[in-house]
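Colleague: Okay, sequence plus prediction incoming.
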Number of protein chains: 2
Amino acid sequence: MAQTPTAQTQSFQELIETLGADRVVTDPATVENYRWDRANDPDAGTPAVVVRAGTTEDVQATIRFAAARGIPVVPRGAGSGLSGGSTAVTGGIVLSLERMRDIRIDPLTRTAVVQPGAFNAEVKAAAAEHGLWYPPDPSSFEFCSIGGNIATNAGGLCCVKYGVTTDYVLGLTVVLADGRAVKLGGPTVKDVAGLDLTKLFIGSEGTLGVITEITLRLVPAQRPPTTLVATFKTLDDSTNAILSISSKMRPSMLEFMDNPTINAVEDATKMGLDREAEAMLVIQSDEPAEFATKEIEQIEALCHENNATEVFYTADPEEGEAFVVARRMAIPAVERKGALLLEDVGVPLPRLGDLVRGIAAIAQHRDIVIAVIAHAGDGNTHPLLVFDPTDADQKQRAHTAYGEVMNLAIELGGTITGEHGVGRLKRPWLADYIGEDALDLNHRIKKALDPENILNPGAVLDPAALQTSQTP
Amino acid sequence: MAQTPTAQTQSFQELIETLGADRVVTDPATVENYRWDRANDPDAGTPAVVVRAGTTEDVQATIRFAAARGIPVVPRGAGSGLSGGSTAVTGGIVLSLERMRDIRIDPLTRTAVVQPGAFNAEVKAAAAEHGLWYPPDPSSFEFCSIGGNIATNAGGLCCVKYGVTTDYVLGLTVVLADGRAVKLGGPTVKDVAGLDLTKLFIGSEGTLGVITEITLRLVPAQRPPTTLVATFKTLDDSTNAILSISSKMRPSMLEFMDNPTINAVEDATKMGLDREAEAMLVIQSDEPAEFATKEIEQIEALCHENNATEVFYTADPEEGEAFVVARRMAIPAVERKGALLLEDVGVPLPRLGDLVRGIAAIAQHRDIVIAVIAHAGDGNTHPLLVFDPTDADQKQRAHTAYGEVMNLAIELGGTITGEHGVGRLKRPWLADYIGEDALDLNHRIKKALDPENILNPGAVLDPAALQTSQTP
């Protein structure tokens, strides 16, 4: 039941008075910008207000206000989410953490204390000033917030060797559904006192609490990598190469691009990629110099054993970076061909070939283009479903294929989401993937921590199913 | 209200019929062996029966039987726990997983599927057959079970570089408090579908479910390490050296022994350790050969800068291992001096010196011996409180000191337990450490998943506090 803007503003008057008009946006044109994240959820609602919190106390005041009135709160970082985890709810509050961007590095303990709105790239840069490194590197690292990374347990390219976000989080400050702020974990590397609540909030997509401060573990700066690029005439050769490489060594990057991706990147960059190749791999080793060369030469041999048509490697970091940029450009390059639905299904590595072949079959059957890039070393793929948004039929076929790709991943023993989160777009597939019993555990924990379903309602869990599920 | 053995046997008849007499032990002499883990909890009860489960279905049947009758179930691996997490409850069931020891290695995906009763050392050995490595290495690795490692999120010596148990667990099968068996996570390295329940069960000490199968991530075999040993005349010099080493590089081991430990080990081994030294460090680098030498030489220089009295290093793995064995021998060596209370408090690294000095002050004040060993690179220490068990007053002073050491760790911004778990012995200190709000979250989740408090009641959480805590 939509309220008129004036009525809305009036009912939020108390919040405006508490936080100051500067922090509560009611102007409809600005509010409009906070309806969607990068998933462009077609079912996005229109929030009543946007709160741009500056402090943990602002977040507490907002949630207390909302909890007292049963108003939904959708937390939001930089809005770069790909599963609709920050899709706005009509009449609700979008709680933006974009202004909370402090970063403090302690080189002695190699930790960073960071506010959620800081960009991943800003954390990396601040760490680098002290010769330190924050590894997790989603492709969006230049414009995604660290809070969003925590909310989705984001991955990236280096995870194949260095793990994902959760592996670098030591502690959190979280504002709970009743407005209490609780500190979890802390600066000690080992800590097993009570349930591992820190890990529980990581990847909870704003459904259990709002993260307002994060303590991160940093590691010494990465050594400059040696980069190898290999092209393959057939998909099978490339997936065989991936399997034989990753069962024998531990590259610091192992990325895959299929033929449609290679062509889209070549269209955009004219860098001379082989348009006939069915697959291209970009692989890095960051071992100490001679060992990197040795590792890369072993990888080169394995590529040749698997019939690579061309293999090239370079220890020059800038030259190598050009190929990584090509890989990172894949999404914008494919995006030039139409609107995108972006997947992140993953499978156990031996099934990677089956997944990529199955996706090609879905693309053919639904008569749409699906370009596939993959963090191949993790078995984590990004099928990019391309469609013309003005062609209703094609759009529908793309949405059908989006579900079919997830069904295929489940069939192959894989996951519906490796690093983007369930959000709202993947929610219908969650039960099929994790099963009713695991879903029941999700419901129980959500109800225990947010009984009124104030926090990001509709993300991850179906509100109706949540309400009807048994509580112990 | 204690039942007579006959009445007990009768009331467990149905369980015996379901599982077979072979799997349900009622013989009092055998049952007696299952009352304690290595913590020797003075308040241990006497269980009615011990179930030695052979399958997930056995565990399900046991828990269903117990749930229907409100009988407590204490899960137990190898009984090597140090905080009383497996202390038996009078009239309850001890559910031993010691017979469930299968280990299957998949070298292609570098994963292991393991039953909880398998020893850590057995998992390491099975992985090594394929040139692979399971890193977590609690000092008890030769006689602790992998299930217990998961239950406590166990650490060890290599964690300073390679992380703790949770970093290697991809998936779990867990039997819940109502007897359902649920599969969580799986073989994919990246998976963010729904709450991270796998991580929630890790470190939950058997209070949320019983783990019956584990999927572990393995890594390529570790390179043979170069080992450095340094002795220091003063404690401060050693802790300064630790801080300057660990802020600059990433050794694969950084262990500390104080003067009482050095002397206890020297008494036991006669290996020629410096009995006058206030501290000794054992440090390893597992970088590729020349880089290990370079790293160790940098460490050597930092030790000298911090006034080390003697520094010695060797690239010979066997010679190096002798010093690691000395370090691993610390606990049995100190144990020869009396009964032990074994702590595992941790602090942020810059407070390590304050912690060790504070512990020495507590030892002096309470007139007992406290030997301190530490996984120094993690700030995780093991104060070993020695007392004569026949001297009631000394025993009491040791128990008082045990609490004072935890209070000191909390004061210094550290944790009451870095890797052993809260169990029953550290439970009284949990609220002071994590705070009432985090404790409330523990209560909520426990109630959501085990509303009748069937699973390991009395471990981690106080049953009375649990009952009176507010449920949403």
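Modeller: Arrived safely, thanks for sending. Residues are numbered from 1 along each chain as shown, chains lettered A, B, ... in the order given.

Colleague: In three-state terms, label A:Ala465 for me.
Modeller: Per DSSP: H, G, I helix; E, B strand; the rest coil, the secondary structure class of A:Ala465 is helix.

Colleague: Could you say which helix or strand holds the spatially closest residue to it that is not a sequence neighbour?
Modeller: Once flanking residues are discounted, A:Ala465 sits nearest to A:His443: 7.2 Å by CB to CB, 6 or more residues apart in numbering or on different chains. Heads up, the C-betas are built off the backbone N, CA and C, glycines and all. Assessed by DSSP states H and E, A:His443 sits inside helix A:427-449.

Colleague: quick one: buried residues of that helix?
Modeller: Neighbour counts using 16 or more other CB atoms under 10 Å in any protein chain shown place A:427, A:429-431, A:433-434, A:438-449 of helix A:427-449 among the buried residues.

Colleague: Low-confidence regions, chain A specifically.
Modeller: Residues of chain A meeting the criterion pLDDT under 70: A:1-10, A:470-472.

Colleague: now do 90
Modeller: Within chain A, the ranges that satisfy pLDDT under 90 run A:1-11, A:186-189, A:247-248, A:288-290, A:323, A:325-326, A:328, A:468-472.

Colleague: any idea which residue sits dead centre in it?
Modeller: Geometric centre of chain A, nearest residue: A:His420, 3.3 Å, by CA atoms, centre = their mean.

Colleague: Tell me if that residue really is in a strand.
Modeller: No: applying three-state DSSP, one finds A:His420 to be coil, outside a strand.

Colleague: just checking, it touches A:Gly346?
Modeller: No: contact between A:His420 and A:Gly346 fails when scored by CB atoms under 8 Å: they sit 10.6 Å apart.

Colleague: What separation do you get for A:Leu95 and A:Asn153?
Modeller: Computed as CB to CB, to the nearest Å, the A:Leu95 to A:Asn153 distance reads 20 Å.

Colleague: Wondering if stretch A:208-219 reaches chain B at all.
Modeller: Yes: using CB under 8 Å from any CB of the partner chain, stretch A:208-219 reaches chain B at A:Leu208, A:Val219.

Colleague: so what are the domain limits for chain A?
Modeller: Domain ranges of chain A: A:5-96, A:103-220, A:226-411, A:428-468, per automatic domain parsing.

Colleague: Quick check: residues of the stretch 51-200 of chain A near chain B?
Modeller: Counting by CB under 8 Å from any CB, the residues of the stretch 51-200 of chain A close to chain B are A:107-110, A:152-153, A:155, A:159-160, A:163-164, A:166-167, A:176, A:180, A:182-184, A:186-197, A:199-200.

Colleague: and A:Arg35, that one's in a helix?
Modeller: No: read with three-state DSSP, A:Arg35 is coil and lies in no helix.

Colleague: my guess is it meets A:Ser86, correct?
Modeller: No: here A:Arg35 does not reach A:Ser86: they are 9.4 Å apart, not a contact under CB under 8 Å.

Colleague: Looking at those two now, which is surrounded by more residues?
Modeller: Between A:Arg35 and A:Ser86, counted using other CB atoms under 10 Å in any protein chain shown, the more crowded position is A:Ser86 (32 against 21).

Colleague: just checking, that one touches A:Val73?
Modeller: No: counting by CB under 8 Å, A:Val73 is not a contact partner of A:Ser86; they are 11.3 Å apart.

Colleague: and the nearest residue to A:Leu218 once chain neighbours are set aside, what does it touch?
Modeller: Spatially, and ignoring its direct neighbours in sequence, A:Leu218 is nearest to A:Leu132 (4.1 Å; CB to CB, 6+ apart). Each residue near A:Leu132 by CB atoms under 8 Å, 6 or more residues apart in numbering or on different chains is listed here: A:Ile105, A:Pro107, A:Arg110, A:Leu218, A:Val219, A:Pro220, A:Ala221.

Colleague: can you map out the strands along the stretch 251-400 of chain A?
Modeller: Secondary structure of the stretch 251-400 of chain A by DSSP state E, counting those that start in this stretch: the strands cover A:253-258, A:279-285, A:308-314, A:339-342, A:369-375, A:380-387.

Colleague: Any chance of CSV for those, columns mean neighbour count and distance to chain B?
Modeller: As requested, these are arranged in CSV below (neighbours: other CB atoms under 10 Å in any protein chain shown; distance: least, CB to the nearest CB, whole Å):
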stretch, mean neighbour count, distance to chain B
strand A:253-258, 26, 12
strand A:279-285, 28, 12
strand A:308-314, 18, 19
strand A:339-342, 19, 14
strand A:369-375, 25, 8
strand A:380-387, 25, 5
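
Colleague: Turn these into JSON lines, including distance to A:Val59.
Modeller: Listed next are these as JSON lines, based on distance: least, CB to CB, whole Å:
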{"stretch": "strand A:253-258", "distance to A:Val59": "36"}
{"stretch": "strand A:279-285", "distance to A:Val59": "39"}
{"stretch": "strand A:308-314", "distance to A:Val59": "47"}
{"stretch": "strand A:339-342", "distance to A:Val59": "29"}
{"stretch": "strand A:369-375", "distance to A:Val59": "33"}
{"stretch": "strand A:380-387", "distance to A:Val59": "32"}
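
Colleague: And the strands in the stretch 51-200 of chain A, which stretches?
Modeller: Counting by DSSP E, counting those that start in this stretch, the strands of the stretch 51-200 of chain A are A:73-76, A:93-96, A:103-106, A:111-114, A:132-133, A:169-175, A:181-185.

Colleague: Out of the ones you listed, which is the most enclosed?
Modeller: Across the strands of the stretch 51-200 of chain A, the average number of neighbours (mean count of other CB atoms under 10 Å in any protein chain shown) peaks for strand A:73-76, which reaches a mean of 29.

Colleague: Which elements pack onto it?
Modeller: Applying 3 or more CB pairs under 8 Å, 6 or more residues apart in numbering or on different chains; DSSP states H and E, one finds that strand A:73-76 contacts helix A:56-69, strand A:93-96.

Colleague: can we see that at 10 Å?
Modeller: strand A:49-52, helix A:56-69, strand A:93-96, helix A:146-152, strand A:210-217 (3 or more CB pairs under 10 Å, 6 or more residues apart in numbering or on different chains; DSSP states H and E).

Colleague: out of those, deepest packed?
Modeller: Among those, highest average neighbours (mean count of other CB under 10 Å) belong to helix A:146-152, with a mean of 31.

Colleague: follow-up on the earlier one: nearest to B:Met253, of the strands of the stretch 251-400 of chain A?
Modeller: Of all the strands of the stretch 251-400 of chain A, it is strand A:279-285 that lies closest to B:Met253, at 24.3 Å by CB to CB.

Colleague: Within the sheet, what are the partner strands of the closest one, with directions?
Modeller: Paired strands of strand A:279-285, with direction, are strand A:226-232 (antiparallel), strand A:253-258 (antiparallel) (DSSP bridges).

Colleague: Name the next helix or strand downstream of the longest one, please.
Modeller: Going down the chain from strand A:226-232, the next helix or strand is helix A:235-246, by DSSP H and E.

Colleague: quick one: that following helix near chain B?
Modeller: Yes: legend: contact between helix A:235-246 and chain B by CB under 10 Å from any CB of the partner chain is shown at A:Leu243, A:Ser244, A:Ser246.

Colleague: Select from these the one having the most neighbours.
Modeller: A:Ser246 (23 neighbours).

Colleague: The nearest residue to it once chain neighbours are set aside: neighbouring residues, count only.
Modeller: Using CB to CB, 6+ apart and skipping the chain neighbours, the partner closest in space to A:Ser246 is A:Gly377 (5.1 Å). Number of residues near A:Gly377 (other CB under 10 Å) recorded here: 26.

Colleague: A:Gly377: what's it in contact with?
Modeller: The neighbours of A:Gly377, taking CB atoms under 10 Å, 6 or more residues apart in numbering or on different chains as the test, are A:157-161, A:242, A:245-246, A:250-256, A:281, A:283, A:349, A:352, B:189.

Colleague: All good on my end, thank you.
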